[in-house]
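**Student:** After the sequence you'll find the predicted model.
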Amino acid sequence: MRVPGDKSISHRALILGALATGRTRIRGLAPGGDCRSTRACLAALGVAVSESRGPDTTVWYVEGRGLGGLVRPSTPLDAGNSGTTARFLLGVLAGQRFSATLTGDGSLSRRPMRRVADPLGLMGARIGTTGGCLPATIEGAPLRGIAYEMPIASAQVKSAVLLAGLHADGVTAVTEPQQTRDHTERALAAFGAGISVEPRRVSVVGGQPLTAADVIVPGDPSSAAFWAAAAAGIPGASAVLDGVGLNPTRTSFLGVLERMGARVDVRLDDVSGAEPSGTVTVRHASLRPVEIQPSEVAGLIDELPALAALATHGGGLSVTGAGELRVKESDRIAALVAGLRALGADVEEFSDGFRVSGDRRLAGGVADAAGDHRLAMAFAVAALGARGDSLIRGAESVTISYPGFFETLERLCA
């Protein structure tokens, strides 16, 4: 099977295409609600985004306006449920020549934005938040480059500061405590920006013009992780996932699957673009318990729900150092533990993680996804191993990243 395009890469392609000169072409753009929010916000900022549907693929076109070419929106910008949209736009708007207000839905309005607003403030940005959250008002201002050491590893914060750095005087450098996904660094290079990349440190010189690019978005490994977990957990099952992104900063979950006992084969098919891709095959094998250390969490943050679901099929999983999960689309620790318990799992909640014992077969039950797309998919994978039926409330949230998830699941189980 093929999974939808990578959400993280899609956001970056859209935004950098808007800031570039010329027409950017994007194939494989993620179809979910989060990227629709980014497209809508860019349209409100004067960026023309269009699509051309062919028999085999859809191509999206972004008409770039250059670094200083965005226009003041007539209404507040609505980021919907997308934290990536909100945080990236804070960085983009900080250096514009107009003011704008950024909003989001109820879930996004509870997520922390000060972690982005604070470093942008050091650059000279004027950002007013609502108790550290959205709505936020951004007053465009001249920016200056800074050397920023991030207290918490976050690819979104790193990216927001680098996007602001494109509009700043001088050099903007970001140092992170653990390496996070490097899609922004790769995308900046693909759009012609001169950047310097060192271990855990990246810098960009402000004022560089960006040039339109042709972008091929591979399949989202975070979405593929749920099918990989299902195949690993069900006796006799296997899954062949084509065209999956194999960026080394996104594939740590494959190593964890192997540690848990799954048989994993990876074939690199395409290294011609900014992002490598290939075929991942996962087969079931006897599962064993695994501990995820705090130093591993940054590279697994979006795949932890899938790994927790796999642990209910056997083996078990213990995770610590993952407090960041509490400020995702939901309190992902509390909601994950509650949902798995409702399905019959033996789960323990920690302040910064959780433990799934994996010593019993689930009975089935009613789990609440709390409006969180990754939890809805995780509960579905866990429920495949239950003795009885399961009901997932809030399952419509999968449209945020994976429209058609349950239709694909039904086809695979037929």
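**Tutor:** Looks like it came in fine. Numbering: from 1, shown residues only.
**Student:** What's the mean pLDDT across stretch 373-385?
**Tutor:** Over the span of stretch 373-385, the pLDDT mean works out to 98.
**Student:** And it, what's buried?
**Tutor:** 373-385 (16 or more other CB atoms under 10 Å). Any C-beta I mention is one placed from the backbone N, CA and C, and that applies to glycine too.
**Student:** Repeat that for stretch 50-70.
**Tutor:** The neighbour-count check on stretch 50-70 (16+ other CB under 10 Å) flags 60, 62-65, 67, 70 as buried.
**Student:** Just give me the closest of these to Ala117.
**Tutor:** Nearest to Ala117 among the buried residues of stretch 50-70: Leu70, at 19.2 Å, using CB to CB.
**Student:** Is it correct that that closest one is in contact with Ala18?
**Tutor:** Yes: in this structure, Leu70 is within contact of Ala18 by CB atoms under 8 Å, at 7.2 Å.
**Student:** any residues in contact with both of these two?
**Tutor:** 45, 47 (CB atoms under 8 Å, 6 or more residues apart in numbering).
**Student:** I'd like the buried residues of stretch 50-70 as a markdown table, with secondary structure appended.
**Tutor:** Listed next are the buried residues of stretch 50-70 as a markdown table, based on DSSP: H, G, I helix; E, B strand; the rest coil:
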| residue | secondary structure |
| --- | --- |
| Trp60 | strand |
| Val62 | strand |
| Glu63 | strand |
| Gly64 | coil |
| Arg65 | coil |
| Leu67 | coil |
| Leu70 | coil |
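**Student:** Farthest-apart pair in those, please.
**Tutor:** Greatest spatial distance in the buried residues of stretch 50-70: Trp60 and Leu67, 21.0 Å, computed using CB to CB.
**Student:** Include distance to Gly46 and pLDDT when you put the buried residues of stretch 50-70 into JSON lines, please.
**Tutor:** Shown next, in JSON lines, are the buried residues of stretch 50-70 (distance: CB to CB, whole Å; pLDDT from 0 to 100):
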{"residue": "Trp60", "distance to Gly46": "17", "pLDDT": "98"}
{"residue": "Val62", "distance to Gly46": "12", "pLDDT": "98"}
{"residue": "Glu63", "distance to Gly46": "9", "pLDDT": "98"}
{"residue": "Gly64", "distance to Gly46": "11", "pLDDT": "98"}
{"residue": "Arg65", "distance to Gly46": "6", "pLDDT": "98"}
{"residue": "Leu67", "distance to Gly46": "13", "pLDDT": "95"}
{"residue": "Leu70", "distance to Gly46": "6", "pLDDT": "98"}
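**Student:** Quick one: these as JSON lines, columns for distance to Arg25 too.
**Tutor:** Listed next are those as JSON lines, based on distance: CB to CB, whole Å:
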{"residue": "Trp60", "distance to Arg25": "7"}
{"residue": "Val62", "distance to Arg25": "8"}
{"residue": "Glu63", "distance to Arg25": "11"}
{"residue": "Gly64", "distance to Arg25": "11"}
{"residue": "Arg65", "distance to Arg25": "16"}
{"residue": "Leu67", "distance to Arg25": "20"}
{"residue": "Leu70", "distance to Arg25": "20"}
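**Student:** Work out the gap between stretch 59-67 and the centre of the chain.
**Tutor:** The chain centre lies 22 Å from the centre of stretch 59-67; the measure is CA atoms, centre = their mean, to the nearest Å.
**Student:** send the alpha carbons of it over as CSV?
**Tutor:** Coordinates of each C-alpha in stretch 59-67 appear next as CSV, following Å, rounded to 0.1, in the frame of the first residue of the first chain:
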residue,chain,number,x,y,z
VAL,A,59,0.2,18.4,-8.8
TRP,A,60,-0.1,21.5,-6.7
TYR,A,61,1.3,24.8,-7.8
VAL,A,62,2.4,27.7,-5.5
GLU,A,63,2.9,31.1,-7.0
GLY,A,64,5.8,32.6,-4.9
ARG,A,65,5.6,36.2,-3.7
GLY,A,66,9.2,36.5,-2.4
LEU,A,67,10.4,37.1,1.1
